[in-house]
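Q: build me a structure from this.
(3 chains)
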Amino acid sequence: MGAKRTEGGTRAKLGAFAAYPVLVLVAAIAVVVSLYLAFEVAPIEKEMGVVQKIFYFHVPSAVGAYAGFFCAFIFSIWYLLRPSDRVDALARCGAEIGMVFCAMVLTSGPLWARPVWGTFFVFDPQLTATLFLFLIYGAYVIVRFVASDSPRIKKIAAVIAIFGFIDVPIIHISVKRWGGTHPLVEREGGGGLHPDMKVAFYFAMATFLVVYAVIYWLRVRIAAQHARLRDLEHEVDERADEIAELTARTEGASV
Amino acid sequence: MSDSTQPVRRRRARGAAEILQSPAAIGVAPGGFSLRVKQVGLLVYKDALTELRTRDTVTTLLFFALLMVVIFVFSLSADERVAQQVASGVLWIAIAFAGTLAIDRSFTREQEGNTLTALVLIPGVTRALFVAKTLLNLFYLTLVELLVVPLTLTMLGVSVPDDAMLCLLGALATGTIGFVIIGTVISAMLVAIRRRGVLLPIVLYPIAIPLLVMGVEATSIVLENQPLEQGWSWVKIMAAIDVVYLFGGAWLFGLVIEEE
Amino acid sequence: MTSPASAGTGRARVKRVRLRGIARRFSRQLVLRGIDLDLKQGEIVLLLGSNGAGKTTLLRILSTLLAPTRGSAVALVESDGADHEVDLFALATWRRDFIGLVSHASLVYDDLTGLENLTLFAGLYGLPPDVARSRAETLLGDLGLGDAGDKRVAAYSRGMRQRLSIARALLQNPSLILLDEPFTGLDQAGFRIVCQMLRRLREEGKLVVLITHHLTLPDDVIDRAVVLRRGVVARDGNPGSMSLASWYEEALA
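A: Numbering: from 1, shown residues only, chains lettered A, B, ... in the order given. Sure, this is the predicted structure:
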């Protein structure tokens, strides 16, 4: 009874908010504008050349990844305090989408690093933190994928998500302190940016957040539909059972 | 506490909500702190007694640790300069792997007679169980380190300056404590799960990475004769992380070990 | 901090349990589909039914280790000398020592002796060492394990292990006693001992619920039998002059 009520609630909320198509449209326009700003408006960087353009996608992807992991973190705490399938789905979807963005960060990062720093991977604070986060939330997704969907597994996954996010500041502190032994990296968002670059950069960040919202929303909707489908399957099973029982009884009576 | 004396409105029933009294209002209360301490003592005593009788954890653990060190040392070149650089990594990998074995064992015991079910029926025992298992795993890991650390250092021919010894011990202690806390929480969660053998390392290592990396860093500072203040500052950060993990772990342990 | 010997401060004594519309789903299977039952103290309730009828699930819900998918469980409890109605699961979040559980698994440690097991659990329940030990020895004697107390559980026969599990469940003087197949592996003597224990628990005013496939129980240990079929109560009552076996057959027909 409880499950059905919340499932219905999710659908009603998402359905009533007809703004989703609008959000998709905004995201689409923002992506185009963002591309224009990055390739036409922002000047080509003097030292790095065209390669530097990656960074209008690399850093905003990281923003998307953090947004996803943050959703996973918050909803996992919520789940542990007040378990419900809906909150669990919100957390799980956040981790999944975060992983996609995180994978984008980890592929675009080395592509940029190779020509600029001369190596694919550097123990740069942000980069290392992102890699570790990828591993932690990878564990989260694997646990959800490998094990059954029992409440216990959901709790375990929630614990991973929480520990994972607790680790974020820890990773940052630890990797920053390596400064002495590893090459110092100039951060991309430093003060020396051309004003047009800044505009393109921040616009791209906002764009990726909107894109994240679009995908996350869609994923949550799919999860809600899945839950609804599962409920219907349960109902079918129950009805079938009842019918079988009734048939057995009437047959028994007629004999 | 003021609101808990009010009647609790619960909507479990299909029909109208029922007005029921809260357990707190009728004088039901779990036991206090001294009972908790007693429970920790009993649980540690129980595991120690079992281990003294069977000796299976200690023997397998120490032999496994020995194997790890031997394999690592022989897979590396005997170059002295290289040895100095890799020693801290070898140490921590051996500790982490052997630690996983110990932590995994600590809850297998509770699984055999499904005794965890009996334990969660006892008032307030979950916190005591967390503390007891953490202490026990800490003891096992200390044993492992007593074997692994001198063995690795002598086999690789790395010497520790006298004044750096305390810093090395600090790094080992803080790193081990944090690792054991996370490991205990995770293995407690996985007790009733079918694929727990695979899942424990998959879940434990990513979460423990930052701490292990710091441990490696602090240890290599000591072994490479770099300024000790750097090493100590790592130890301080690791101690702070241990505190965070301890409180987080105690909270999460109570939540995850209960029923479905 | 005073350690309560048996019933002491902060404890609740369950006198009645009222289940309404209890349902439980495991993935696609609805194992329980609306159980209404009123259980009261001084009663030995037999849960009968074929495999998969939902007996163990119902017992686990009564033990508060498993939450129902829907439905309510309300307990009438005595605490501080007065009676109160509380939600069974809310009560369980505070303390669960009113439950004595004998499950499929033995719930004892194989590498400890019988006596060590009982004193350990009694100690965990907060009994002082000397009280814990005497309570453990009494229970071992009551269940016919007096001589086996110093043997390791690993060396116990199945029936001995079963009786030790029952002793463990009774250590803290619980008021709601739940037994899943308490007669498995018992020989005639063991069977009589357990039946005697059940009678005593009833006299002490406990609420006893037990699952069994053993249909030749002595009449005086059956106050009430509840037959579950496909997750609902198919029959509930006292077999009276009928034999339990034929009463059960009739319920399933």
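Q: please enumerate the helices of chain B.
A: B:33-54, B:56-75, B:80-112, B:115-120, B:125-156, B:165-189, B:196-223, B:228-257 (DSSP state H).
Q: and the second one with helix B:33-54, angle?
A: Right, the one you point to is helix B:56-75. With axes from the mean of the first three to the mean of the last three CA atoms, to 10 degrees applied, the angle from helix B:56-75 to helix B:33-54 works out at 70 degrees.
Q: so which bits of helix B:56-75 are buried?
A: By neighbour count on 16 or more other CB atoms under 10 Å in any protein chain shown, the buried set for helix B:56-75 is B:T57, B:V58, B:L61, B:L62, B:F64, B:A65, B:L66, B:M68, B:V69, B:F72, B:V73. Where you see a C-beta, it was placed from the backbone N, CA and C, and this is true even at glycine.
Q: can you give me the angle that helix makes with helix B:125-156?
A: Using the same axes, to 10 degrees: helix B:56-75 against helix B:125-156 is 30 degrees.
Q: neighbouring contacts of helix B:56-75?
A: B:51, B:90, B:93-94, B:97-98, B:101-102, B:105-106, B:140, B:143-144, B:147-148, B:151-152, B:155-156 (CB atoms under 8 Å, 6 or more residues apart in numbering or on different chains).
Q: quick one: contacts for the residue in chain B that chain A sits nearest to?
A: Closest approach between chain B and chain A, counting by CB to the nearest CB: B:P206, at 4.0 Å. Counting by CB under 8 Å, 6+ apart, B:P206 makes contact with A:F132, A:L135, A:I136, A:G138, A:A139, A:G164.
Q: quick check, C:T64 in a strand?
A: No: under DSSP: H, G, I helix; E, B strand; the rest coil, C:T64 sits outside any strand and is assigned coil.
Q: can you tell me the SS state at the closest residue to it other than its chain neighbours?
A: Counting by CB to CB, 6 or more residues apart in numbering or on different chains, C:T64 lies nearest to C:A92, which is 3.7 Å off, once chain neighbours are set aside. With three-state DSSP as the basis, the three-state label of C:A92 is helix.
Q: next: C:V226.
A: Assignment for C:V226 (three-state DSSP): strand.
Q: returning to what we had before: isn't the residue nearest to C:T64 right up against C:A67?
A: No: the criterion here is CB atoms under 8 Å, and C:A92 misses it with C:A67 at 9.8 Å.
Q: who's the residue of the stretch 51-200 of chain C found nearest chain A bridged to?
A: With CB to the nearest CB, the shortest gap between the stretch 51-200 of chain C and chain A falls at C:R70, namely 4.9 Å. Legend: beta-bridge partners of C:R70 under DSSP bridges are C:A23.
Q: distance of the residue nearest to B:D47 when sequence neighbours are not counted from C:G42?
A: Distance criterion CB to CB, 6+ apart; nearest residue to B:D47, sequence neighbours excluded, is B:L136 at 5.3 Å. According to CB to CB, to the nearest Å, B:L136 stands 43 Å off from C:G42.
Q: now C:G21, what's its secondary structure?
A: Taken by three-state DSSP, the conformation at C:G21 corresponds to strand.
Q: now it. Nearest residue, chain neighbours left out?
A: C:G71 (4.0 Å).
Q: what count of nearby residues applies to the one you found?
A: Residues near C:G71, counting by other CB atoms under 10 Å in any protein chain shown, number 22.
Q: likewise for C:E78?
A: C:E78 has 17 nearby residues by other CB under 10 Å.
Q: in the stretch 151-255 of chain A, which spans are strands?
A: Shown for the stretch 151-255 of chain A, no strands are assigned by DSSP state E, counting those that start in this stretch.
Q: nope, the stretch 1-150 of chain C is what I was after
A: Using DSSP E, counting those that start in this stretch, strands in the stretch 1-150 of chain C cover C:13-26, C:29-40, C:43-48, C:70-79, C:82-87, C:99-102.
Q: how long is stretch A:111-131 end to end?
A: For stretch A:111-131, the first and last residues are 15 Å from each other (CA to CA, to the nearest Å).
Q: next one: stretch A:38-54
A: Chord length of stretch A:38-54, first to last residue, is 9 Å (CA to CA).
Q: off-centre distance for it?
A: Put simply, stretch A:38-54 sits 28 Å off its chain's centre (CA atoms, centre = their mean, to the nearest Å).
Q: ditto for stretch C:83-101
A: Distance of stretch C:83-101 from the chain centroid (CA atoms, centre = their mean) equals 14 Å.
Q: give me the mean pLDDT for that stretch.
A: Stretch C:83-101 carries an average pLDDT of 87.
Q: list the buried residues for it?
A: By 16+ other CB under 10 Å, the buried positions in stretch C:83-101 come out as C:84-92, C:94-101.
Q: swap in stretch A:201-213?
A: A:F201, A:F203, A:A204, A:M205, A:T207, A:F208, A:L209, A:V210, A:V211, A:Y212, A:A213.
Q: distance to C:V208 added to the strands of the stretch 1-150 of chain C, as TSV?
A: Output for those, formatted as TSV (distance: least, CB to CB, whole Å):
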stretch	distance to C:V208
strand C:13-26	11
strand C:29-40	9
strand C:43-48	5
strand C:70-79	15
strand C:82-87	20
strand C:99-102	9
